[in-house]
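[1] what would the 3D arrangement of this be:
(2 chains)
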Amino acid sequence: NAGVTQTPKFRVLKTGQSMTLLCAQDMNHEYMYWYRQDPGMGLRLIHYSVGEGTTAKGEVPDGYNVSRLKKQNFLLGLESAAPSQTSVYFCASYGDGTNTEAFFGQGTRLTVV
Amino acid sequence: AQSVSQHNHHVILSEAASLELGCNYSYGGTVNLFWYVQYPGQHLQLLLKYFSGDPLVKGIKGFEAEFIKSKFSFNLRKPSVQWSDTAEYFCAVISYNTDKLIFGTGTRLQVFP
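    Below is the predicted model:
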């Protein structure tokens, strides 16, 4: 039972390069979220999804795109990376039943140079 | 807009001292409330959650929190902290209407022996 798996764990990009972060969950959760964590700013919501084929903007969506083609996967894309996107990215999944909780991946540390 | 405020950014305590971390949220509809902990270099783990019922909820490792609806607050408490409680603590809220899971900026707790 893997829970939430993020790939890759580390990545260094040059300014202007693109990349995709993958989040996979095996708990059949409907809701999935992408966050970035920066010192002193907590976790800020980038985009989220409430089910397969749906996506919505969070607090800081600019410069990112997402897709949820399969229920278990939630992809975060950076089309043209900028140094301001240097951060630790976390994915979470959340069940839509009662008394549930969000489960987090291990994080992806991205550096844009 | 939905938001979460954590008033204490950095708390320093000696072992056996009591702890209270503040959390206020801005959304007026039905919400679920959480406290998560992040140990250095790790992902977030659930401490406790409130969905309904008794506003005083107990979590793991001796933590508890009280939901006060009239004050939009969900403060975290522990009667006697240990060195191993050194970590960052995040309050989070998800609203039934928006499905956004929003986090506060976090409180860094340092406990000295």
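
[2] from here on, just use CA atoms for contacts and neighbour counts.
    Fine.

[3] where does whichever residue of chain B sits closest to chain A sit: helix, strand or coil?
    Closest contact between chain B and chain A, by CA to the nearest CA, is at B:Thr105 (3.7 Å). What DSSP: H, G, I helix; E, B strand; the rest coil gives for B:Thr105 is coil.

[4] show me which residues of chain B sit near chain A.
    Proximity of chain B to chain A is confined to B:9, B:42-46, B:49, B:51, B:90, B:99-106 under the rule CA under 8 Å from any CA of the partner chain.

[5] those residues, buried ones only, as a ChimeraX selection?
    Command for ChimeraX that selects the buried part of the residues of chain B next to chain A, burial taken from 16 or more other CA atoms under 10 Å in any protein chain shown:
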select /B:43,44,45,46,49,51,90,100,101,102,103,104,105,106
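
[6] how many neighbours does the residue nearest to B:Trp83 when sequence neighbours are not counted have?
    Excluding its sequence neighbours, the residue lying closest to B:Trp83 (CA to CA, 6 or more residues apart in numbering or on different chains) is B:Val111, at 4.9 Å. Using other CA atoms under 10 Å in any protein chain shown, B:Val111 has 18 neighbouring residues.

[7] buried set for the helix or strand hosting B:Val111?
    Element membership for B:Val111, per DSSP states H and E: strand B:107-112. By neighbour count on 16+ other CA under 10 Å, the buried set for strand B:107-112 is B:Thr107, B:Arg108, B:Leu109, B:Gln110, B:Val111.

[8] tell me the pLDDT at the fourth one?
    pLDDT recorded at B:Gln110 is 97.

[9] pretty sure it is in contact with B:Val11, am I right?
    Yes. Using CA atoms under 8 Å, B:Gln110 is in contact with B:Val11, at 6.3 Å.

[10] name the residues that touch stretch B:69-81?
    B:14-26, B:33, B:35, B:62-68, B:111 (CA atoms under 8 Å, 6 or more residues apart in numbering or on different chains).
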